[in-house]
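Undergrad: For reference, the sequence and a predicted model appear below.
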Amino acid sequence: MAGIGFELRKILKKNSLLSMLEAYGLAGLISSGPWVLSILALLAIGIISIGIVFPTYIIVQFLVIVTYLMAGSLIISGLFQLLLTRFISDLIFAEQEHRIVPNLLGSMLVTSAISAIIGTAIMAASPSIEPPVKITIVTSLVLLCNQWLIIIFLSGMKEYYRIFFTMMISYGLMVILSLVLPSFGLLGLMVIFCVCQAVLTFAFLYHVIRDFPSKRFISFEFLNYKKTFFSLIWCGFLYNLGVWLDKFVFWFRSETSHQVIDLFRASYIYDLPIFIAYLAIVPGMAVFMLRMETDFADACLKFYDAVRRGATLDSIYLLKDKMVLACQQSIYEIFKVQGMTLALLLLWAEDILVALDIDLAYLHLLYVDLVGVSLQVLVLSILNVMYYLDKRYSALALTALMAMGNFTLAHYSIDLGPVYYGYGFAVTMLVTTIIGLVMLDKQFDELEYRTFMMQRS
């Protein structure tokens with residue numbers, strides 16, 4: 001994320017109230033913009049057109065399928081997200097930017113093949129979905145998987161507002177087309193969604209290719225075992241899987257779900273509160289992006305630069321203390337801002353449900369989910385520090401714990417009854433946060449020893 005870090009630091013150097021607001025706004029757009037816009041666009045389609053442009057059951061089928069597409073694309077692309085982030089960072093450090101785009105295209109080809117195979121297999125097991133709809137679903141899955149990969153590379157670019165406005169135009173176009181085009185049922189909605197994702201994906205790809213010119217077309221160096229860290233494949237995969245496992249449990253347990261169309265199931269009792277709650281982490285994500293990619297990243301770079309230059313031990317100790325302090329302050333500020341956001345939303349939760357015309361029976365579950373997603377921001381910040389410190393196996397252990405805990409406790413919460421729904425997710429994030437902080441504390445204590453004496457570990 002060096003690109004966004006440099007840009008944020010440049011804005012903050014202006015040292016004014018407007019520059020601070022601009023930095024927080026930019027951090028919020030980059031960290032939360034894609035999924036916030038997608039959620040708002042889908043909500044707009046559902047609220048405006050349900051029962052008016054499209055029958056209710058068509059809208060429900062569309063929203064459920066798109067939710068599965070988002071989940072599946074994040075999990076599949078998670079295989080390469082962190083791997084590519086590290087690989088591209090190494091290329092930039094080595095001043096070999098000309099190798100970036102060929103490896104991006106190579107990763108897109110591999111991801112497209114995996115997502116197409118998985119999507120085709122799922123569609124083959126869904127006999128009641130019409131073939132044209134199946135084609136648009138598989139195509140949308142491939143496009144979304146590639147879109148998440150390309151977004152990694154956008155961090156090295158400077159035209160952040162153009163990126164955000166491109167997304168706004170694309171999702172705005174999706175809402176408008178769903179309202180003005182003649183109704184073709186589920187197929188029409190899926191074609192509109194697919195076309196808009198194609199516009200986004202290829203617009204983003206154009207920006208990357210323009211900023212990182214290369215003479216070579218495609219490369220698979222990112223899969224070279226001598227140049228990459230395959231533990232990051234599992235870290236990215238398990239994190240994204242772990243985030244979604246409680247949803248899958250509620251979707252496929254008969255007590256909490258119902259069939260929408262073929263293999264696609266939904267849980268009315270669980271889905272609404274959790275997705276509303278996820279909109280609450282925008283402030284925390286903005287602080288996470290701003291502080292982690294400026295204060296902590298800068299302190300981390302200075303520490304390792306001193307190590308490489310052969311600075312005195314006293315200088316290295318001093319820079320390490322500054323890095324630890326930056327980490328503490330960053331996590332504390334994330335905790336403070338997200339905590340205040342959580343407190344306000346807990347107070348306003350009932351009013352939010354009334355304004356959205358949602359049954360107040362969801363109120364207790366919304367409370368629990370708000371706590372869970374707020375803790376997830378802290379988990380993300382802890383993992384980010386571990387990646388900066390190159391503690392890949394610690395991050396892998398933490399993401400594995402999160403995935404196993406979310407899966408197991410989600411099942412257990414269903415067994416306990418409706419009063420305990422959501423607690424599996426919240427408790428998992430709480431335990432992961434606490435264990436992650438303990439691991440970080442130990443890693444900082446051993447940082448000098450690990451840096452100098454165990455460089456090959």
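TA: Looks like it arrived, so ask away. Remember, it's a predicted structure, so these values are computed and weren't measured experimentally. Residues are numbered from 1 along each chain as shown.

Undergrad: C-alpha from now on. contacts and neighbour counts both.
TA: Noted.

Undergrad: Quick check: can you list the domain ranges of the chain?
TA: 2-228, 275-452 (automatic domain parsing).

Undergrad: Any idea which helix or strand in the chain has the lowest mean pLDDT?
TA: Lowest on mean pLDDT, DSSP states H and E among the helices and strands of the chain sits helix 2-12, with a mean of 57.

Undergrad: Could you give the number of residues near L105?
TA: 20 (other C-alpha atoms under 10 Å).

Undergrad: ok, F62 - contacts?
TA: The neighbours of F62, taking C-alpha atoms under 8 Å, 6 or more residues apart in numbering as the test, are L186, L189, M190.

Undergrad: repeat for P132
TA: Contacts of P132 were listed using C-alpha under 8 Å, 6+ apart, and they are L187.

Undergrad: do you know how far it is from C194?
TA: Remark: distance between P132 and C194 (C-alpha to C-alpha, to the nearest Å) = 12 Å.

Undergrad: what about the stretch 51-200 of the chain, any weak spots by pLDDT?
TA: Low-confidence segments of the stretch 51-200 of the chain, defined by pLDDT under 70, span residues 51-55, 154-163, 182-183.

Undergrad: so where do the helices sit in the stretch 301-450 of the chain?
TA: Secondary structure of the stretch 301-450 of the chain (DSSP state H, counting those that start in this stretch): helices at 313-355, 363-388, 392-416, 423-445, 447-453.

Undergrad: mean pLDDT for the ones you listed: which is lowest?
TA: Within the helices of the stretch 301-450 of the chain, the least confident segment by mean pLDDT turns out to be helix 447-453, at a mean of 72.

Undergrad: Would you indicate which residues of that helix are buried?
TA: By neighbour count, and taking 16 or more other C-alpha atoms under 10 Å as the criterion, the buried residues in helix 447-453 are E448.

Undergrad: May I have it exported as PDB, CA atoms only?
TA: Once side chains and other backbone atoms are set aside, the C-alpha atoms of helix 447-453 remain, and they are given as PDB (Å, rounded to 0.1, in the frame of the first residue of the first chain):
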ATOM      1  CA  LEU A 447      12.200  -8.100  17.000                       C
ATOM      2  CA  GLU A 448      15.900  -7.300  17.100                       C
ATOM      3  CA  TYR A 449      16.800 -11.000  17.800                       C
ATOM      4  CA  ARG A 450      14.600 -12.200  14.900                       C
ATOM      5  CA  THR A 451      15.900  -9.500  12.600                       C
ATOM      6  CA  PHE A 452      19.600 -10.200  13.100                       C
ATOM      7  CA  MET A 453      19.800 -13.900  14.100                       C
END
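
Undergrad: Tell me how far the residue lying farthest from the centre of the chain lies from F264.
TA: With distances taken from the mean C-alpha point of the chain and given as C-alpha atoms, centre = their mean, the most distant residue is T312, at 39.6 Å. In this structure, T312 lies at 60 Å from F264, with C-alpha to C-alpha as the measure.

Undergrad: Contact partners for D359?
TA: L353.

Undergrad: repeat for G236
TA: Taking C-alpha under 8 Å, 6+ apart as the definition, contacts of G236 comprise G78, L79, F80, Q81, L82, L83.

Undergrad: Could you do M404 as well?
TA: G242.

Undergrad: host element of T120?
TA: Element membership for T120 (DSSP states H and E) is helix 100-124.

Undergrad: on that earlier part again, please identify the deepest-packed of the helices of the stretch 301-450 of the chain.
TA: Among the helices of the stretch 301-450 of the chain, judged by mean count of other C-alpha atoms under 10 Å, the one packed with the most neighbours on average is helix 363-388 (a mean of 22).

Undergrad: Run through the neighbouring helices and strands of that helix.
TA: Taking 3 or more C-alpha pairs under 8 Å, 6 or more residues apart in numbering; DSSP states H and E as the contact definition, the neighbouring helices and strands of helix 363-388 are helix 268-278, helix 282-291, helix 313-355, helix 392-416, helix 423-445.

Undergrad: Quick one: these as CSV, columns for distance to S38 too.
TA: Supplementary listing: the helices and strands packed on helix 363-388 in CSV, determined by distance: least, C-alpha to C-alpha, whole Å:
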stretch, distance to S38
helix 268-278, 12
helix 282-291, 14
helix 313-355, 20
helix 392-416, 25
helix 423-445, 23
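
Undergrad: wait, which of these is closest to L149?
TA: Using C-alpha to C-alpha as the criterion, the shortest distance between L149 and the helices and strands packed on helix 363-388 is 18.3 Å, found for helix 282-291.
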